[in-house]
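In: With the input below, show me the fold.
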Amino acid sequence: MKANVLAVSLVLAFSGMTFAGNEHGIDPSLAPPPMIPPPMPVGLFGPGWQGAAHALYLMPGEDTSDNVFGGGLNLDCFVDRNVAFQAAGSWADPSTDDLWHNYTVDVTFRAPMQNFAPYLSAGGGVIAEDTTDLLGHAGCGLEFRPTTDFGVFGDWSYSFPGGGGGPDDTQDYQMIRAGIRIDC
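Out: Reported below is the predicted structural model:
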């Protein structure tokens, strides 16, 4: 009789585990799916191509030129919401008898926060005035986007041409830009 009671108890115990679910007593068909965070919404700052036009204020570091206004164009390719490659051309006339041309390619890192995105950029290019010099530059800025297709930005950069320090070489200079950016 004791053997029958033991056998019935074992059968009931095993059948109870089968109907009860897993080792925690939860029916697996009723368990919630594993917690996978939803993808971060792209929002106002998504990947893609953007075109921009900007006005600039040039502050040369040498005594032979004046602070001057100018303008330019940018083409940005954001590979994701935080990283972009930018090609820019800027022009100004700093009273040195030659039109100043500045062509750069930059890497931009931005940190979007709702409608605003502060960013850092660094890159290189050429400056052509009476001579042509390679240059490096770095800067920071802020973009405001009221819509997904349109934004306004302002930034500052410090450029250091690599002319070697001769009397005819372009000196270091700063540039402040303000403009509009439109998704392509």
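In: Please determine how far the closest residue to residue 101 other than its chain neighbours is located from residue 135.
Out: Leaving aside its chain neighbours, residue 101 sits nearest to residue 128 (4.2 Å; criterion: CB to CB, 6 or more residues apart in numbering). All C-beta spots, glycine's among them, are computed from the backbone N, C-alpha and C. Relative to residue 135, residue 128 is positioned 10 Å away (CB to CB, to the nearest Å).
In: more neighbours, the two?
Out: residue 135 (20 against 15; other CB atoms under 10 Å).
In: how about the more buried one, what does it touch?
Out: 102, 104, 124, 125, 126, 127, 159, 160, 161, 162, 170 (CB atoms under 8 Å, 6 or more residues apart in numbering).
In: neighbours of the closest residue to the second one other than its chain neighbours, just the number please.
Out: I take that to be residue 104. Of all residues not flanking residue 104 in the chain, residue 125 sits nearest, at 3.4 Å (CB to CB, 6+ apart). If you count neighbours by other CB under 10 Å, residue 125 ends up with 22.
In: if we can go back for a sec, and of the contacts of residue 135, the nearest to residue 74?
Out: Nearest to residue 74 among the contacts of residue 135, counting by CB to CB, is residue 104 at 9.4 Å.
In: Quick check: bridge partners of that closest one?
Out: Beta-bridge partners recorded for residue 104 (DSSP bridges): residue 88, residue 125.
In: now swap in residue 60 and tell me
Out: Bridge pairing for residue 60 - DSSP bridges - gives residue 173.
In: can you tell me how far residue 126 sits from residue 132?
Out: 6 Å.
In: err, residue 106, not the other one
Out: For residue 106 relative to residue 132 (CB to CB), the value is 19 Å.
In: Please apply the same query to residue 123.
Out: From residue 123 over to residue 132 (counting by CB to CB), the distance is 17 Å.
In: ok, residue 57 - contacts?
Out: Applying CB under 8 Å, 6+ apart, the residues near residue 57 are 67, 68, 69, 175, 176, 177.
In: let's go with 7 Å and repeat that
Out: 67, 69, 176 (CB atoms under 7 Å, 6 or more residues apart in numbering).
In: Report the secondary structure element holding it.
Out: strand 48-60 (DSSP states H and E).
In: where exactly do the helices run in the protein?
Out: Secondary structure of the chain (DSSP state H): helices located at 2-20.
In: where does it dip in pLDDT?
Out: Counting by pLDDT under 70, the ranges of the chain that qualify are 1-33, 37-42, 61-65, 96-97, 163-169.
In: can we see that at 90?
Out: 1-44, 46, 58-68, 92-100, 114, 127-133, 148, 160-173, 184 (pLDDT under 90).
In: Looking at residue 106 and residue 132, which is more packed in?
Out: residue 106 (21 against 13).
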